[in-house]
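Student: Provided below for reference: sequence and predicted model.
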Amino acid sequence: MKSSFFISIFVTMLFVLPVQVDAQMERKPAVTKSPVSATWKAPRIAVFYSTKAIEKNTMDMSILHTFGPVGDGYEQLFGLDSPANIRLALNYGLTERFSLGLGRSKIQKNVDLNAKYTLLEQMTDNSVPVTLMGTANAGIRTDPRAFIQSYGIGDRLNFSGSLLTARKMSPDLSLQLTTTVSHFNKVNIGETVNTFFGAGLSGRYKVSNRTALSVEFMPVFSSEETNYISSIGIDIETGSHVFQMFFTTSHYYTMSQAMRFATDFNDINGNFSLLDSFRFGFNVNRIFWFNDRGTDW
Amino acid sequence: MGRFNRIFGVFLILCLWGVNEILAQSYLSRNGYVEFLSEAPQEDVLGKSNFLVGRISLTDNEVDFYVDARTLKTGITYRDEHLQENYIETDKFPYAEFFGSFTEKPDPSSEEVQDVKVEGNFKVHGVENPVTIIGTVQFLKNGNLYIKANWPLQLSDYDIPIPKVLNYRLSNDLTLTVDIILEKRSQ
């Protein structure tokens, strides 16, 4: 008797409950699988390339500076007065995955053509756990100084190729493995090594919405010795600019030059000195977009 | 007594089942269009998504809309990343949503375009504000419901500050537009 009443209440509940749940729809993600965004904000970490792609019809203009060693002291304003290396570069995205760039470095007046190609993109559902990118760089030293004049065109060429493997570990932390080989067709008398190998680690850690710390470190192996490229810095972004300020051991920006002229952490007397190894540098990256894609995609 | 209970129970079930049937006659879509437009002196930004989810129940007088803010695209990935990370903070607050009701329910027997007013709460960036939105509804011949509306939104009301020193500009005053055909629920 009573039980039938409870059963009818129970059955009634079965009909009523779904209606109550319906009141406000459950919020569900529209897309469960998409490429992970913002692993890096700039096309470079400091000196190394990052897996940041220059997307289709956008151009990255970068102005890169490294100064003299901090150890040059107060008289040289801690390296700022010392000879700087300046690299100006333009990179243009031909497709979403492929970009071409042209750059020129002050030291050795090295003009280089470079390319980036995204092979794989890390996906939010981890179906692809890493982003893979291949980069290539071909440079020619156009320095007119006497000893270089005896170099033929082929002798002035240098090449580098890298495979970048990056993973955004969390919204704040991104890591990258950079494996690189670079080659100079001819090196100066006294230098015997033409080909260099490197395997480097880089990281970015977001400290606020617009700032991040970045580090990179690469041992450079050649048949004679092992040297290092390392940098530590801070990235500040504003929506169309990314400013990168850092201390680095490399005076050079193209991977081939950076690897060939990589150093140990010693001063000229062979004594360990971080001040004489590291120099201040900054990159300004400006992104331009050429079509107002906001109104016509 | 027992017999009365049984009859009462069956009657109750039938009543509520009937109510449930009426409630089920709501309107739903998961691929509506929504956009935001920012007109700043230096730059216009138009963000669009075709993932607007909307549900309207005339019986309950419920108007329920939301969009996964990560699907809003301005055409430039770099700018999208910046908007999502630094303004909307989609990692923490993935949805922009509205829940409210008609001040006066539209007439489903008319096929004309009808002006409607909806009152409720709009929520984005984890901040909820009461809003009144004026739009139009039209009951289409095939039984579906066509809805259009646009209304202004101030980012400052939703705790989204715009730094003064920002050379790519975003206006504090946005215009939101929705354009969606809700399908009559079949069940």
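Tutor: Structure's in. What do you need?
Student: for chain B, which residue is closest to the average position?
Tutor: B:Phe65 (2.5 Å; CA atoms, centre = their mean).
Student: quick one: residues contacting the residue nearest the centre of chain A.
Tutor: By CA atoms, centre = their mean, chain A has its centre lying nearest to A:Ser50, at 2.2 Å. Contact partners of A:Ser50, counting by CB atoms under 8 Å, 6 or more residues apart in numbering or on different chains, are A:39-40, A:42-44, A:164, A:166, A:176, A:202. In short, each C-beta sits where N, CA and C put it, glycine included.
Student: and what of A:Ser62?
Tutor: Here A:Ser62 is in contact with A:43-44, A:87-91, A:103, A:283-286 (CB under 8 Å, 6+ apart).
Student: unless I misread the structure, it falls within a strand.
Tutor: Yes. According to DSSP: H, G, I helix; E, B strand; the rest coil, A:Ser62 belongs to a strand.
Student: distance check, the residue nearest to the centre of chain B against B:Leu28.
Tutor: Separation of B:Phe65 from B:Leu28 (CB to CB, to the nearest Å) stands at 11 Å.
Student: any shared contact partners between those two?
Tutor: Taking CB under 8 Å, 6+ apart as the criterion, B:Phe65 and B:Leu28 both touch B:54-55.
Student: for chain B, what spans make up the strands?
Tutor: Assigned by DSSP state E, chain B shows strands spanning B:27-39, B:44-57, B:62-68, B:95-102, B:113-124, B:127-139, B:145-154, B:173-184.
Student: identify each buried residue in the fifth one, please.
Tutor: Neighbour counts using 16 or more other CB atoms under 10 Å in any protein chain shown place B:114, B:116, B:118, B:120, B:122-124 of strand B:113-124 among the buried residues.
Student: quick one: list the elements packing against that strand.
Tutor: Secondary-structure packing of strand B:113-124 (3 or more CB pairs under 8 Å, 6 or more residues apart in numbering or on different chains; DSSP states H and E): strand B:95-102, strand B:127-139.
Student: among the contacts of A:Ser62, which lie within strands?
Tutor: Per DSSP E, those map to strands at A:87-91, A:103, A:283-286.
Student: just the pLDDT for B:Asp60.
Tutor: Per-residue confidence at B:Asp60 stands at 88 (pLDDT).
Student: B:Tyr168 too?
Tutor: Per the predicted model, pLDDT is 56 at B:Tyr168.
Student: picking that back up, hang on, the residue nearest to the centre of chain B packs against B:Val118?
Tutor: No. Using CB atoms under 8 Å, B:Phe65 is not in contact with B:Val118, being 9.5 Å away.
Student: for chain A, what spans make up the helices?
Tutor: Under the criterion DSSP state H, chain A contains helices at A:2-22, A:146-149, A:255-260, A:274-277, A:293-296.
Student: which of the strands of chain B is buried the deepest?
Tutor: strand B:62-68 (a mean of 23; mean count of other CB atoms under 10 Å in any protein chain shown).
Student: what packs against that one?
Tutor: Right, strand B:62-68 is packed against strand B:44-57, strand B:95-102 by 3+ CB pairs under 8 Å, 6+ apart.
Student: quick one: which of the ones you listed is nearest chain A?
Tutor: strand B:44-57 (3.8 Å; CB to the nearest CB).
Student: packing partners for the closest one?
Tutor: Against strand B:44-57 (3+ CB pairs under 8 Å, 6+ apart) you get helix A:293-296, strand B:27-39, strand B:62-68, strand B:145-154, strand B:173-184.
Student: make a markdown table out of the ones you listed and add distance to B:Phe93.
Tutor: Below are the helices and strands packed on strand B:44-57 laid out as a markdown table (distance: least, CB to CB, whole Å):
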| stretch | distance to B:Phe93 |
| --- | --- |
| helix A:293-296 | 22 |
| strand B:27-39 | 15 |
| strand B:62-68 | 11 |
| strand B:145-154 | 15 |
| strand B:173-184 | 16 |
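Student: among those, which is nearest A:Ser127?
Tutor: strand B:62-68 (19.2 Å; CB to CB).
Student: around chain B, pick out the residues from the stretch 101-250 of chain A.
Tutor: Applying CB under 8 Å from any CB of the partner chain, one finds that the stretch 101-250 of chain A approaches chain B through A:171, A:209-210, A:237-241.
Student: which of these ranks first by neighbour count?
Tutor: Most neighbours among those, by other CB atoms under 10 Å in any protein chain shown: A:Glu237, with 23 neighbours.
Student: surely that residue and A:Lys41 touch.
Tutor: Yes. The pair A:Glu237 and A:Lys41 passes the contact test of CB under 8 Å, sitting 5.1 Å apart.
Student: low-confidence ranges, chain A, go.
Tutor: Applying pLDDT under 70 to chain A flags residues A:1-3, A:8, A:11-22, A:146-149, A:291-297.
Student: gap between A:Ile153 and B:Gly100?
Tutor: Counting by CB to CB - A:Ile153 and B:Gly100 are separated by 72 Å.
Student: just to revisit the earlier point, separate out the buried members of the ones in strands among the contacts of A:Ser62.
Tutor: So, by 16+ other CB under 10 Å, the buried ones in those are A:87, A:89, A:91, A:103, A:283, A:285.
Student: name the nearest of the contacts of A:Ser50 relative to A:Met123.
Tutor: Among the contacts of A:Ser50, and counting by CB to CB, the member closest to A:Met123 is A:Thr39, at 12.0 Å.
Student: show me what contacts that closest one?
Tutor: Residues near A:Thr39 by CB under 8 Å, 6+ apart: A:50-52, A:122, A:131, A:166-168, A:174, A:204.
Student: change it to 7 Å
Tutor: Applying CB atoms under 7 Å, 6 or more residues apart in numbering or on different chains, we find A:Thr39 in contact with A:51, A:131, A:166, A:168, A:174.
Student: out of the residues you listed, which end up buried?
Tutor: By 16+ other CB under 10 Å, those give A:51, A:131, A:166, A:168, A:174 as buried.
Student: what about those residues, which are in strands?
Tutor: Among the buried ones among the contacts of A:Thr39, the members falling in strands (DSSP E) are A:131, A:166, A:168, A:174.
Student: any idea how far the third one is from A:Gly203?
Tutor: A:Lys168 sits 11 Å away from A:Gly203, going by CB to CB.
Student: ok, A:Ala138 next?
Tutor: 29 Å.
Student: so how far does stretch A:46-56 reach from one end to the other?
Tutor: 23 Å (CA to CA, to the nearest Å).
Student: got it, and stretch A:34-43?
Tutor: 21 Å.
Student: likewise for stretch A:151-158?
Tutor: With CA to CA, one end of stretch A:151-158 sits 13 Å from the other.
Student: show me what counts as buried in it.
Tutor: A:151, A:156-158.
Student: which ones are touching residue 89?
Tutor: No chain in the question, so chain A it is. Taking CB under 7 Å, 6+ apart as the test, what A:Ala89 contacts is A:62, A:101-103.
Student: look at chain B instead
Tutor: Counted by CB under 7 Å, 6+ apart, B:Glu89 has contacts B:His125.
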